[in-house]
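Chemist: Here's a sequence, model it:
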Amino acid sequence: MNPQAKLTLTDNYGQVYPVTTLSAQIGSASQCAIVLDEPGVSDVHAEIRFQDNNWTIQNMSEENSPSINGEKIQSVQNLTNGDVISIGGAILRVAIPEIQPVVNQFQQQDVGLQTPVADLSGFRSTGGAYISDTQPNQAIPKKSCRACHQPIHPEAEICPHCGVRQTLPPAPAPIVGNKSRTTAGLLAIFLGAFGIHKFYLGQGLAGLIYLVFFWTYIPGIIGFIEGISYFMMSDQQFAQKYG
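Modeler: Just a heads-up that it's a prediction; the model follows:
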């Protein structure tokens, strides 16, 4: 492979996917070169190819085509350094090393060799599209990326320099139950033969069965075991199972 044809993709969470072949499929299927576990990603959603000395991306999904910098692609489109690809709920930033042309001494004096790179720090994701919150020639306050500490747009979700997402997903709210795990455990151990712990947990039918057969001692043995299992659970597990 051409050493100048290397390409890397960085996802929402800073994971880097180097493309080391001339083509790579992107999707949720395990056989894809780049596997994305995000909502809205098809089994084989897109394919990246290096052909005619250019990187291209081709849409492979019939339901939800990818977008580049907020614009949907229908078939094949060229990729450039700094492009942001949206595939379902995944966002990938393209990094392609610049190819420096060989010029003579006189050309170096007159021609600048720097290739401008699009600054995407002023864009934010809006359901797969990117919109700008600023007008031309307007002063923009900056904030620092939490990973590379480079200045970025204050509302940027992904750093355009390192590709790291700036806002972490919120932690799930703890489950709070109406029943006490300790109370249920004590009732099951000491009064489990009569099914009192079942009545306490709102399982009236099971409680009646325990009460009818208490004289066999079997409900008492089962209740004792259930009481021990309650104490071995965490409060979160108990609340999720018994409310």
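Chemist: Convert the C-alpha atoms of stretch 221-231 to CSV, please.
Modeler: Only the C-alpha atoms of stretch 221-231 are listed here, as CSV (Å, rounded to 0.1, in the frame of the first residue of the first chain):
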residue,chain,number,x,y,z
ILE,A,221,-36.4,-24.4,54.5
ILE,A,222,-37.0,-22.5,51.3
GLY,A,223,-37.7,-19.3,53.2
PHE,A,224,-34.4,-19.6,55.0
ILE,A,225,-32.5,-20.1,51.7
GLU,A,226,-34.4,-17.1,50.2
GLY,A,227,-33.5,-14.9,53.2
ILE,A,228,-29.8,-15.7,52.8
SER,A,229,-30.1,-14.9,49.1
TYR,A,230,-31.7,-11.5,49.9
PHE,A,231,-28.7,-10.6,52.1
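Chemist: Report the contact partners of the closest residue to residue 187 other than its chain neighbours.
Modeler: Leaving out its chain neighbours, the residue that sits closest to residue 187 by Cβ to Cβ, 6 or more residues apart in numbering is residue 197, at 3.9 Å. Backbone N, C-alpha and C define where each C-beta goes, glycine included. With contacts defined as Cβ atoms under 8 Å, 6 or more residues apart in numbering, residue 197 is in contact with 184, 185, 187, 188, 191, 223, 226, 227.
Chemist: Can you say which of those are buried?
Modeler: When these are checked for burial by 16 or more other Cβ atoms under 10 Å, the buried set is 184, 185, 187, 188, 191, 223, 226, 227.
Chemist: Verify the contact between the third one and residue 200 for me.
Modeler: Yes. With contacts defined as Cβ atoms under 8 Å, residue 187 counts as touching residue 200 at a distance of 5.5 Å.
Chemist: Identify each buried residue in the lengthiest helix in the chain, please.
Modeler: Counting residues, the longest helix found in the chain (DSSP state H) is helix 218-232. If you call a residue buried by 16+ other Cβ under 10 Å, then helix 218-232 has these buried ones: 219, 220, 222, 223, 226, 227, 230.
Chemist: same check, this time on stretch 161-174
Modeler: Across stretch 161-174, burial judged by 16+ other Cβ under 10 Å covers 161, 162, 163, 164, 165, 166.
Chemist: Kindly indicate which of these lies nearest residue 53.
Modeler: Checking those against residue 53 with Cβ to Cβ, the nearest one is residue 163 at 24.8 Å.
Chemist: Could you count how many residues lie near the closest residue to the closest one other than its chain neighbours?
Modeler: Using Cβ to Cβ, 6+ apart and skipping the chain neighbours, the partner closest in space to residue 163 is residue 10 (3.1 Å). Applying other Cβ atoms under 10 Å, we find 21 residues neighbouring residue 10.
Chemist: Repeat that for the one 3 residues further on.
Modeler: By other Cβ under 10 Å, the residues close to residue 13 number 13.
Chemist: Is it bridged to anything, and to what?
Modeler: Note on residue 13: beta-bridge partners by DSSP bridges are residue 164.
Chemist: measure it to residue 86 for me?
Modeler: In this structure, residue 13 and residue 86 are 15 Å apart, going by Cβ to Cβ, to the nearest Å.
Chemist: coming back round to it: pLDDT for the buried ones among the contacts of residue 197 - can I get that in TSV?
Modeler: Below are the buried ones among the contacts of residue 197 laid out as TSV (pLDDT from 0 to 100):
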residue	pLDDT
184	90
185	89
187	91
188	90
191	92
223	90
226	93
227	91
